[in-house]
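[1] Quick one, what's the 3D model for this:
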Amino acid sequence: MLLLARNGFDIGEDALRTDWRTTRTADDKVLDAWKTVYASPEKHWMLYDLAEKLVDFEDYFRRWRFNHVTTVERIIGLKRGTGGTSGVSYLRKMLEVELFPELWKVRTEL
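    The predicted structure follows:
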């Protein structure tokens, strides 16, 4: 998100973020910035190319998550997870987590 701000986009509070340990939620200002990038990819090629690579990364990560939950269920069933989680039920919830929510939502908005 900071790269958007460094390139002149107003992304609101995300531009001031310093604690990267906290979970962020989708932000309309960030979404608006990505809309501008996606509306003119040739003008904002570096950001557009980065966004597509981030979406690729998340796509691969989602596939890994799915394979992981399937493997865990196959090996330990519905027992408690090794990391102290509820196991498969926790991993299934993690399938819904989006790393870059604005990059997925921008496709609907355009």
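
[2] R17 is in contact with D27, correct?
    No - judged on CB atoms under 8 Å, D27 makes no contact with R17 at a distance of 10.2 Å. C-betas here are computed from N, CA, C, even on glycine.

[3] P101 contacts W34, doesn't it?
    No - contact status for P101 versus W34: not in contact, 10.3 Å apart, counting by CB under 8 Å.

[4] Looking at those two, which one has more neighbours?
    W34 (25 against 16; other CB atoms under 10 Å).

[5] Now the closest residue to that one other than its chain neighbours: which helix or strand?
    Once flanking residues are discounted, W34 sits nearest to V106: 4.5 Å by CB to CB, 6 or more residues apart in numbering. Here V106, judged by DSSP states H and E, is contained in helix 101-109.

[6] For the chain, which segments are assigned as helices?
    Along the chain, counting by DSSP state H, helices occupy 2-6, 28-39, 45-76, 88-94, 101-109.

[7] Can you get me the centre-to-centre distance for stretch 99-110 and its chain?
    Here stretch 99-110 is found 9 Å from its chain centre; the criterion is CA atoms, centre = their mean, to the nearest Å.

[8] avg pLDDT for that stretch?
    Computed over stretch 99-110, the mean pLDDT rounds to 95.

[9] Please enumerate residues in contact with that stretch?
    Contact partners of stretch 99-110, identified using CB atoms under 8 Å, 6 or more residues apart in numbering, comprise 25-27, 30-31, 34-35, 38-39, 51, 54-55, 57-58, 61, 98.

[10] buried set for it?
    F100, P101, E102, L103, K105, V106 (16 or more other CB atoms under 10 Å).

[11] Repeat that for stretch 25-43.
    Residues of stretch 25-43 classed as buried by neighbour count (16+ other CB under 10 Å): D27, K29, V30, L31, D32, A33, W34, V37, Y38.

[12] So the residue positioned nearest the centre of the chain versus P41, what's the distance?
    Centroid-nearest residue in the chain: L99, 1.7 Å away (criterion: CA atoms, centre = their mean). L99 sits 21 Å away from P41, taking CB to CB, to the nearest Å as the criterion.
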